[in-house]
Structure formats: C-alpha cells, structure tokens
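[1] Just to be clear, the model below is a prediction. Sequence and coordinates:
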Amino acid sequence: MAKPPRILAGQSAAITGGARGIGRATVSAFLEAGMRVAIGDVDLPAAQRTADELGPRTVALPLDVTDRDSFTRFLDAAEEQLGPLDVLVNNAGIMPVGRFLDEDDLTARRTVDINLHGVILGMKLGLARMLPRDRGHVVNIASQAGRFGTAGIATYSATKHAVIGLTEAVRAELRLMGAHLDLSYVMPYIVNTELGGGLGHARGFHNVEPSEVADAIVDALRHGTVEVWVPRSTRRTYQIGTLLPRSVTEGIGRVTKADRVVADADVAARRDYELRAARSEPALASAPETPQLTE
C-alpha cells in the first residue's frame with residue numbers, strides 16, 4: 001500500500017539562490033504548503049525584497065555557497081530563526097553560455113565552484129544537522145543538460161551530471177549507514193527564468209515555468225521521490241533514447257533542433273544575466289566577457 005503524503009506544514013526549509021527564478025518560486029510554494037523558509041542569496045537586497053513580498057514566514061540571509069563559513073552562518077541563522085532544519089534545497093547556480101573551446105578558465109572554475117562545490121558543501125553541512133535527528137530531506141537542483149549533455153554549456157552540463165551522480169552516491173551511503181534521510185535531484189527542461197532566457201527552442205518541447213519546478217519539488221518532499229523530471233513527460237523521452245542507437249538519437253536531435261537550443265542563443269538577450277553571473281561569486285573577481293557560439 002502506498003504511503004500517505006508527508007505533511008509539510010510547520011517544517012523549516014533553507015533555499016540557496018532563493019531570491020530569483022526557481023528559488024523564488026520554491027519559496028512561494030513552500031509557504032503555500034505551510035512551511036517556514038530561509039532565503040539565502042549572494043544578492044542580499046534581492047533576497048530581502050523576495051522575503052518582504054512573500055510574507056512573514058520568511059527570512060533573508062546572505063550566502064556565498066562557495067565559502068564554508070558563509071554557508072555555516074546561513075544555516076546557523078536559519079535554524080536560530082526558524083527552528084531545526086527539515087529541508088535544504090541546493091538551488092544556487094549559474095549558466096554561462098559559450099563554446100567550450102572559447103571558455104576562459106575563470107568562468108569554468110566559477111561554474112564548478114558554484115554549481116558543484118556549492119552543492120557538495122551544502123549537502124555536507126545540511127546532512128550533518130539532519131543526521132542526529134535521523135530526519136530531513138535535501139533537494140539538489142540539477143538539469144536535463146546533466147543527462148543529455150548540451151552544446152554551448154559543456155561545463156554547466158558537466159556540473160549538473162556531477163550533481164546527479166553525487167546525489168545517487170550519497171544516497172547509497174546513507175542507506176548503508178541505516179539513516180532515514182531523503183535525497184532528491186530535480187532535472188528541469190529549459191525554465192522561463194533569467195538563467196534560461198534567450199535560448200532557442202526544440203520542436204515538440206516547451207519551456208516550463210518556475211512554478212512547475214517548485215510544485216515538483218513540493219511533490220518530491222511529500223512522496224520522497226528521488227529522480228524528478230520536469231516536465232514528467234521528458235523522462236519517457238530519455239528512456240526511449242537510451243534504447244535507440246546513438247546515430248538515431250543524434251539524428252532526432254538535428255531534426256528537432258534540440259542540438260541547437262543553446263547554440264542559437266540570443267546573446268543580446270542574455271547580456272544582463274551573463275554579466276551578473278560573472279559577478280555571482282564574491283571570492284572571485286569578475287571574469288571577462290567570453291566569445292559566444294558562432295558558426
């Protein structure tokens with residue numbers, strides 16, 4: 001018999017990169033579920049605006065996910081103000097677009113530091129707080145680019161692939177320890193956020209809204225889902241693709257233009273995001289602008 005959905009009301013959650021996009025939508029969805037939420041972001045004024053707009057059960061806190069002391073202070077403050085941590089969503093991430101061979105080393109290091117090391121650090125610190133109570137749920141935001149690999153965001157794809165493998169491996173370790181903690185990873189298609197702005201379109205696929213991702217996260221918390229596809233239909237696409245020869249799947253990608261979704265990105269439309277992403281890690285100086293994909 002299926003287990004009844006878990007009740008989320010009264011639980012406390014911490015969300016990294018919670019000021020905008022998927023993070024903000026998840027804050028809103030958690031509040032609707034009756035939870036208390038700590039919004040962590042490198043852009044504290046933006047996090048404060050989000051907290052002010054979404055309601056009194058939120059708190060905005062500064063957070064640099066690449067710095068252990070900063071992450072520790074964030075979780076300490078979240079628990080001091082909201083109670084013991086029940087849920088941690090590792091959402092903070094950046095997606096610089098450009099050809100891999102043109103990518104400067106600083107951009108690559110920044111992407112790995114935020115998208116992967118930030119998740120590793122968050123899991124270590126979050127699970128350390130949950131283990132003594134043998135209760136809690138960590139949700140890591142990955143991407144379908146981590147399953148398929150996407151031209152134009154090679155390093156980003158690598159970090160999201162690593163987040164998937166990391167989550168599966170830590171989940172296996174927790175089982176061996178006899179711990180009853182939950183881990184999930186979320187793989188959205190292109191989301192209508194600033195990070196996903198200016199990208200091309202594949203025939204037969206549509207972008208998803210941040211609220212769809214947030215609702216999927218809430219559903220994962222309620223049911224303990226490990227692998228979360230957004231939209232759900234893309235899971236079947238992936239499963240079918242694994243059964244076909246590589247030449248066939250690559251041919252389908254060319255026909256649907258799935259292979260050019262990022263390659264055809266509108267550079268001008270992404271300019272503001274790319275510049276802000278280049279300044280998103282205080283520990284590093286801003287990277288210079290990099291060449292974009294061209295024929």
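    Right, received. Where do you want to start?

[2] what about Asp52, how many neighbours?
    11 (other CB atoms under 10 Å). All C-beta atoms are positioned from the backbone trio N, CA, C, and that covers glycine.

[3] ok, for Ala38, nearest residue in space, not its chain neighbours?
    With CB to CB, 6 or more residues apart in numbering as the criterion, Ala38 has its nearest non-adjacent residue at 3.5 Å, and that residue is Ala78.

[4] Which parts of the helix or strand containing that neighbour count as buried, going by neighbours?
    Counting by DSSP states H and E, the element that carries Ala78 is helix 68-82. Residues Ser70, Phe71, Arg73, Phe74, Leu75, Ala77, Ala78, Leu82 are the ones in helix 68-82 that count as buried (16 or more other CB atoms under 10 Å).

[5] contacting residues around it?
    Defining contact as CB atoms under 8 Å, 6 or more residues apart in numbering, one finds that helix 68-82 is touched by 12, 14, 16, 36-38, 40, 59, 61-65, 85, 88, 121-122, 125-126, 129.

[6] Just the ones of the residues you listed in helices?
    Among those, the members falling in helices are Leu121, Gly122, Leu125, Gly126, Arg129 (criterion: DSSP state H).

[7] Closest one of the residues you listed to His223?
    Each of the ones in helices among the contacts of helix 68-82 was checked against His223 using CB to CB; the closest is Gly126, at 20.1 Å.

[8] quick one: contacts for that closest one?
    Gly126 sits next to Ala14, Leu75, Leu85, Leu88, Asn90, Gly136, Val138 when contact means CB under 8 Å, 6+ apart.

[9] wait, isn't the last one in contact with Val186?
    No - counting by CB atoms under 8 Å, Val186 is not a contact partner of Val138; they are 11.4 Å apart.

[10] quick revisit: looking at the contacts of Gly126, state which has the most neighbours.
    The most crowded member of the contacts of Gly126, judged by other CB under 10 Å, is Ala14 (30 neighbours).

[11] Does that one touch Asp86 like I think?
    No - proximity of Ala14 to Asp86 does not meet the contact threshold set by CB under 8 Å, at 9.3 Å.

[12] low-scoring stretches of the chain, by residue?
    The model of the chain has pLDDT under 70 over residues 1-2, 279-295.

[13] just the helices in it please.
    When secondary structure is read from DSSP H, the chain shows helices at 21-32, 44-54, 68-82, 105-112, 118-130, 145-148, 154-177, 210-223, 233-243, 246-256, 267-277.

[14] Of those helices, give the one that comes closest to Leu199.
    Proximity to Leu199 (CB to CB) singles out helix 267-277 among the helices of the chain, at 8.2 Å.

[15] between that closest one and helix 105-112, how many degrees?
    Between helix 267-277 and helix 105-112, the angle comes out at 70 degrees (axes from the mean of the first three to the mean of the last three CA atoms, to 10 degrees).

[16] what's the neighbour count on Val218?
    Val218 has 18 neighbouring residues, counting by other CB under 10 Å.

[17] That one: what's its closest spatial neighbour, skipping adjacent residues?
    Spatial nearest neighbour of Val218, chain neighbours left out: Ala29 (5.0 Å); criterion: CB to CB, 6+ apart.

[18] mind checking how far that neighbour is from Met35?
    In this structure, Ala29 and Met35 are separated by 9 Å, where distance is defined by CB to CB, to the nearest Å.

[19] what about the closest residue to Gly152 other than its chain neighbours, distance to Thr234?
    Closest residue in space to Gly152, ignoring its immediate chain neighbours: Val262 at 3.3 Å, by CB to CB, 6+ apart. Spatial separation of Val262 from Thr234 under the definition CB to CB is 16 Å.
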